[in-house]
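Participant: fold the following, please.
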Amino acid sequence: MKKTLLATLLALPMTVSASDETVYLHYDNTLDGVIDYQENLQLKMDLSGNTIIGKTQSGEMVSGMVENKNSHYIGSGEKERFQFEIHNGETRNWFVGNVSNEHWTGNWFGPNGEKGDFTLTTRVLTDDIPTYSDIASFMPDEVFYKPNSHANVLTDSFLQDVGGLEPHFTNSGDFNLNLSQGLYLQAEEEYYHEMPMSFTIDFKEPMRLKTFRLGSANLTDGTRLKTFSFSIWNRMTMEWEEAGRFEFPQIYGPSYQRQEFTLPRTVYADRIRISAHSSHDTSNGKNKVLMWGLSFQR
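Facilitator: Coordinates of the predicted model:
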């Protein structure tokens with residue numbers, strides 16, 4: 001997402017006006033803090049001093065304000081809060097929220113009990129599935145860099161849908177998985193106490209997320225993944241929010257195999273975290289973890 005336009009609105013001196021910034025209001029109709037925006041409106045918004053003024057694409061008036069930070073006169077703090085209204089004839093929808101790291105997010109309320117979550121972006125959020133070109137950074141937990149553990153570095157092979165869903169047996173003459181490519185993380189049993197073991201991916205803009213594939217392996221003593229969670233970074237609460245928790249099934253060994261999983265609902269996020277909480281491979285009473293081949297599906 002091209003964040004600089006929204007950042008400019010806040011960075012301007014109060015004596016200067018920002019003019020005709022085109023932004024997109026993405027919103028849903030359920031007030032639950034889950035980022036699953038279903039609708040969008042195009043807005044032209046200006047900031048004159050602390051005053052927000054603008055119009056929707058259909059000509060409805062937008063008016064509101066942004067507070068100054070760290071003012072004891074109005075009781076403000078480090079993060080700007082804002083509110084604006086969209087006028088629709090004799091009724092108005094109210095939008096309230098805060099700004100964090102150039103993200104404008106919050107909740108909206110209609111005149112007859114309607115309500116939901118929203119965000120402002122500088123373009124329509126994409127419906128495309130994430131690929132390597134959408135990744136801003138990849139951050140495995142420190143445990144994957146310890147002795148006898150491993151984490152592939154980020155390359156253009158990440159998020160490619162390779163290997164299908166069939167098992168790849170290591171004792172077969174046609175085993176041809178290139179595990180040096182794409183996401184691959186493993187941690188040995190001596191680090192079992194560091195559960196959950198996680199990795200984080202930052203995207204360049206909020207991405208639509210629903211169905212994904214993730215692999216593990218059964219090399220001798222059971223599949224090296226059992227319970228795992230898929231979390232997103234909530235820009236409204238500035239906390240991790242679990243979007244789904246899954247059980248990775250036992251697979252036949254010795255093999256590597258991916259499985260397909262679906263979140264309970266579509267979410268939009270620019271930061272995700274997948275965390276291994278337990279493993280089927282508990283040789284010596286301790287967990288071994290292996291995750292590989294993450295990709296997203298429509």
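Participant: count of neighbours near the closest residue to Y252 other than its chain neighbours?
Facilitator: Excluding its sequence neighbours, the residue lying closest to Y252 (CB to CB, 6 or more residues apart in numbering) is P167, at 6.1 Å. All C-beta atoms are positioned from the backbone trio N, CA, C, and that covers glycine. By other CB atoms under 10 Å, the residues close to P167 number 19.
Participant: measure how buried the closest residue to D156 other than its chain neighbours is and give me the count.
Facilitator: Nearest non-adjacent residue to D156, counting by CB to CB, 6+ apart: Y132, 4.8 Å away. Close neighbours of Y132, defined as other CB under 10 Å, add up to 14.
Participant: hmm, the residue nearest to Y252 is touching Q259, no?
Facilitator: No: here P167 does not reach Q259: they are 10.6 Å apart, not a contact under CB atoms under 8 Å.
Participant: and the helix or strand hosting S231, which strands flank it?
Facilitator: Assigned by DSSP states H and E, S231 belongs to strand 227-234. Paired neighbours of strand 227-234 in the sheet (DSSP bridges): strand 239-247 (antiparallel), strand 255-276 (antiparallel).
Participant: I figured Q38 hits D117, correct?
Facilitator: No: judged on CB under 8 Å, Q38 makes no contact with D117 at a distance of 10.2 Å.
Participant: compare those two (neighbour count), which wins?
Facilitator: With neighbours defined as other CB under 10 Å, Q38 and D117 compare such that D117 has more, 23 against 12.
Participant: what sits against the more buried one?
Facilitator: For D117, the contact set (CB atoms under 8 Å, 6 or more residues apart in numbering) comprises 27-28, 30-35, 37, 105-108, 236.
Participant: and those, which is the shakiest by pLDDT?
Facilitator: pLDDT across these is lowest for I35, at 70.
Participant: and that residue, how far from T266?
Facilitator: Distance of I35 to T266, given as CB to CB, to the nearest Å: 9 Å.
Participant: report pLDDT for G293.
Facilitator: pLDDT at G293 comes out at 98.
Participant: correct me, but it touches G215?
Facilitator: Yes: look at G293 against G215 with CB under 8 Å: they come within range, at 3.9 Å.
Participant: so where do the strands sit in the stretch 151-298 of the chain?
Facilitator: Assigned by DSSP state E, counting those that start in this stretch, the strands in the stretch 151-298 of the chain fall at 168-169, 184-187, 197-218, 227-234, 239-247, 255-276, 289-297.
Participant: can you give the distance from the shortest one to the centre of its chain?
Facilitator: Pointing back at strand 168-169 there. For strand 168-169, the separation from the chain centroid amounts to 32 Å (computed by CA atoms, centre = their mean, to the nearest Å).
Participant: could you pull up phi and psi at G110?
Facilitator: Phi and psi for G110, reported as degrees, to the nearest 10, are phi -90, psi 170.
Participant: over to the nearest residue to it once chain neighbours are set aside: give its phi and psi.
Facilitator: Spatial nearest neighbour of G110, excluding adjacent residues (CB to CB, 6+ apart): N93 at 5.1 Å. Backbone torsions of N93, given as degrees, to the nearest 10, read phi -100, psi 130.
Participant: hang on, N93 packs against I86?
Facilitator: Yes: between N93 and I86 there is a contact under CB under 8 Å: 4.8 Å.
Participant: who's more crowded, these two?
Facilitator: The neighbour comparison of N93 against I86 (other CB under 10 Å) goes to I86, with 22 against 19.
Participant: so where is the protein shaky, pLDDT-wise?
Facilitator: 1-20, 76, 101-102, 285 (pLDDT under 70).
Participant: next, name the residue at the spatial heart of it.
Facilitator: Taking CA atoms, centre = their mean, the centroid of the chain lies closest to A269, which sits 2.7 Å from it.
Participant: who's the closest spatial neighbour of that one, skipping the chain neighbours?
Facilitator: With CB to CB, 6+ apart as the criterion, A269 has its nearest non-adjacent residue at 3.7 Å, and that residue is I232.
Participant: great, nothing more from me.
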